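>>> model the following, please.
(one chain, ligands or ions: 3)
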Amino acid sequence: MNGSSAAPRGLYLITPDDPDTARLLRRVDAVLGAATWLQYRNKAAGAALRREQALALRARCAAAGVPLIVNDDLALARAVAADGVHLGEDDADPATARQALGAGALVGVSCYDDLERAARAAAAGASYLAFGAFHPTRSKITTRRADARLLRAAACWALPRVAIGGVTADNAAPLVAAGADLVAVIGAVFDAPDPPAAARALRQCFDAPAPP
Ligand SMILES: Cc1ncc(COP(=O)(O)OP(=O)(O)O)c(N)n1
Ligand SMILES: Cc1nc(C(=O)O)sc1CCOP(=O)(O)O
Ligand SMILES: [Mg+2]
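Ligands and ions are numbered 1, 2, ... in the order given. From the prediction side, this is the model:
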């Protein structure tokens, strides 16, 4: 796998859109210890704010030893020396990102419910494959619904599989049993009444050994 020597597993936290950088950092600080990876995603901010927030998170993640992945924006990922970038269907192609960021970078690709897209991403040098949405979500307008069979079928690429979309500690177990190496989460942590407890509960879904 490109991007990491150890097989990643656990909670892949994604930031909520928050225009207040100090508040965003407080929210992230409270839960970063439970995360395997952090993705900086802000669909509402302009370029200057996204750069400010990505740089601040870069420092937090470096101190915590948590890889930082920037959503959508390959140039921003490069500019802040992030550990990687996450790309969807409207974003750069993974081969371009791999070339720009290097062999050690994490280049994640959204595959939605589409195994052919996953095959193309794997061939283009993706580091992990994300499938979703597994459940209704309030964080994004989604048009595709994934189910656990996709996760099982995607084992053939021997890349980490990420499950996203309405994932909570109460519905993560079947996804993990189907082979999800990470669950990517916004609302179930950042909108929870007790975000650290919610993050810990999601991380604990991975306490049992990975399925064969
Ligand atoms: C881990 C992970 N999976 C999927 C997505 C969604 O990416 P995309 O379809 O490009 O949508 P936006 O997040 O850009 O709205 C993701 N960001 N992370
Ligand atoms: C950003 C994103 N991508 C999705 C996909 O299906 O590709 S679902 C989603 C939203 C994830 O947020 P929450 O954990 O709050 O449901
Ligand atoms: Mg995107």
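>>> roughly how far apart are the residue nearest to Gly166 when sequence neighbours are not counted and ligand 3?
Once flanking residues are discounted, Gly166 sits nearest to His135: 2.9 Å by Cβ to Cβ, 6 or more residues apart in numbering. To be clear about C-beta, it is placed using only N, CA and C from the backbone, and glycine gets the same treatment. Remark: distance between His135 and ligand 3 (Cβ to the ion, to the nearest Å) = 19 Å.
>>> name the residue of the chain that lies nearest to ligand 1.
Nearest to ligand 1 in the chain, going by Cβ to the nearest ligand atom, is Gly88, at a distance of 1.8 Å.
>>> ok, that residue touching Gly108?
No - contact criterion Cβ atoms under 8 Å: Gly88 and Gly108 do not qualify, at 9.4 Å.
>>> neighbour-wise, which of these two wins?
Neighbour totals were compared for Gly88 and Gly108, and Gly108 leads with 30 against 14 (other Cβ atoms under 10 Å).
>>> test my guess that the more buried one contacts Val162.
Yes - contact between Gly108 and Val162 holds when scored by Cβ under 8 Å: they sit 7.1 Å apart.
>>> overlap in contacts, those two.
128-130 (Cβ atoms under 8 Å, 6 or more residues apart in numbering).
>>> kindly identify which of these also come near ligand 1.
Ala130 (Cβ under 6 Å from any ligand atom).
>>> thinking again about what came up before, so the residue nearest to Gly166 touches Asn171, yeah?
Yes - with contact defined as Cβ under 8 Å, His135 reaches Asn171; the gap is 6.0 Å.
>>> and for Arg144, the neighbour number?
By other Cβ under 10 Å, neighbour count at Arg144 equals 13.
>>> I meant to write Ala45 there.
18.
>>> can you check the one 10 residues further on too?
Leu55 is surrounded by 16 other residues when neighbours are defined as other Cβ under 10 Å.
>>> how about it, nearest residue that isn't a chain neighbour?
Val80 is the one closest to Leu55 (Cβ to Cβ, 6+ apart), at 5.2 Å.
>>> ok, now Ala64?
Nearest non-adjacent residue to Ala64 (Cβ to Cβ, 6+ apart): Leu32, at 5.0 Å.
>>> and Ile14, how far is that from Leu151?
18 Å (Cβ to Cβ, to the nearest Å).
>>> next, the contact list for the residue in the chain that ligand 3 sits nearest to, please.
Closest approach of the chain to ligand 3 (Cβ to the ion) occurs at Gly88, with a separation of 3.3 Å. Gly88 makes contact with 72, 109-110, according to Cβ under 8 Å, 6+ apart.
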